[in-house]
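Peer 1: Mind folding the following:
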Amino acid sequence: MITIKSPREIEKMTESGQLLASIHVALRDFIKPGVTTNEIDKFVEQKIVEGGGIAAQIGYEGYEYATCTSVNDEICHGFPSDYALKNGDMVKVDFCIDLDGAISDSCWCYAVGELTDEHARLMEVTKEALYRGIEQAQVGNRIGDIGAAIQQYAEGEGFGVVRDFIGHGIGPTIHEDPQVPHYGLPGKGKRLKEGMTITIEPMITTGTWQMQMDPNGWTARTRDGGFCAQYEHSIAITADGPVLMTDQETVK
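Peer 2: Sure, this is the predicted structure:
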């Protein structure tokens, strides 16, 4: 079932999203060669608690960590570990916050030191694909309009679009209806209505979009070992257009 949020509920989710976005801003200086993904996880959890929130991923379907820290060919759901990031790595940090019952969710991709030209371009294309999808998140449009905009742009730039993991509705829990694929056909799928809250979170690869699962049952990685980038915002559908509830540019 798709839940329609009131303006007050969207306001509370935006407050949660602004706490989350502020932590992503802080990660810009924290992430560097030599930092472990465990240290990233602890840093994020501490910031969530200091902000009065709850790390909503801990305990979700048995997940044990505040973040997913997915490095290089890991598509998503990478477990924090003692792996020390090195120059040329790419790390995606994905986490959710419960702030007084309001849920927010955002992933951001970080370059560690200097990337290759190909991997730097992957990050640029993935971020642009996210915002092209967001442009389609308008009242009256359909879910397929979002996915088509992302797929056409990313594939047109020579990259792959992951099919196995997609965006979703958000609030009152982390994962709600509707499903929001990052591929598809314009004019297809559920119609977007004022008050819907969703995530858009394209995962874009340098090679094949096909994936394989690690033995831990959570972590997905590219089948060919190519790098994957991901960016994600939580978005409210409003009469005035999409509102980025996790916008880093509005962090105070």
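Peer 1: what about residue 22, helix or strand, and which?
Peer 2: Secondary structure assignment for residue 22, by DSSP states H and E: helix 7-30.
Peer 1: now for that helix, which elements pack on it?
Peer 2: In terms of contacts (3 or more CB pairs under 8 Å, 6 or more residues apart in numbering; DSSP states H and E), helix 7-30 is packed against helix 37-50, strand 90-99, strand 102-111, strand 233-238, strand 241-244. Every residue, glycine included, has its C-beta placed from N, CA and C.
Peer 1: can you list those in TSV and add distance to residue 135 and mean neighbour count?
Peer 2: Output for those, formatted as TSV (distance: least, CB to CB, whole Å; neighbours: other CB atoms under 10 Å):
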stretch	distance to residue 135	mean neighbour count
helix 37-50	29	19
strand 90-99	22	24
strand 102-111	18	24
strand 233-238	11	24
strand 241-244	8	19
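Peer 1: Using CSV, please lay out those together with distance to residue 170 and mean pLDDT.
Peer 2: Below are the helices and strands packed on helix 7-30 laid out as CSV (distance: least, CB to CB, whole Å; pLDDT from 0 to 100):
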stretch, distance to residue 170, mean pLDDT
helix 37-50, 17, 98
strand 90-99, 8, 98
strand 102-111, 6, 98
strand 233-238, 6, 98
strand 241-244, 13, 98
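Peer 1: what's the closest of these to residue 204?
Peer 2: Among these, strand 102-111 comes nearest to residue 204, with 9.6 Å by CB to CB.
Peer 1: could you give the angle of that closest one to helix 7-30?
Peer 2: If you take axes from the mean of the first three to the mean of the last three CA atoms, to 10 degrees, strand 102-111 sits at 30 degrees to helix 7-30.
Peer 1: Strand 102-111: how far from the chain's middle?
Peer 2: Distance, stretch centre to chain centre, for strand 102-111: 5 Å (CA atoms, centre = their mean, to the nearest Å).
Peer 1: That strand pairs with which strands, parallel or anti?
Peer 2: Strands that pair with strand 102-111, judged by DSSP bridges, come out as strand 90-99 (antiparallel).
Peer 1: Output the partner strand as PDB, nothing but the C-alphas.
Peer 2: Extracted in PDB, the C-alpha atoms of strand 90-99 (Å, rounded to 0.1, in the frame of the first residue of the first chain):
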ATOM      1  CA  MET A  90      35.300   4.400  -4.500                       C
ATOM      2  CA  VAL A  91      33.100   3.900  -1.500                       C
ATOM      3  CA  LYS A  92      29.300   4.200  -1.300                       C
ATOM      4  CA  VAL A  93      27.900   5.000   2.200                       C
ATOM      5  CA  ASP A  94      24.200   4.300   2.500                       C
ATOM      6  CA  PHE A  95      22.200   4.700   5.800                       C
ATOM      7  CA  CYS A  96      18.800   5.500   7.200                       C
ATOM      8  CA  ILE A  97      17.800   7.700  10.200                       C
ATOM      9  CA  ASP A  98      14.700   7.500  12.400                       C
ATOM     10  CA  LEU A  99      14.300  10.900  13.900                       C
END
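Peer 1: rewinding a little: including distance to residue 69, could the helices and strands packed on helix 7-30 go into CSV?
Peer 2: CSV is the format used below for the helices and strands packed on helix 7-30 (distance: least, CB to CB, whole Å):
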stretch, distance to residue 69
helix 37-50, 4
strand 90-99, 6
strand 102-111, 10
strand 233-238, 19
strand 241-244, 23
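Peer 1: Indicate which one of those is closest to residue 12.
Peer 2: Across the helices and strands packed on helix 7-30, residue 12 has its closest neighbour in strand 102-111 (3.9 Å, CB to CB).
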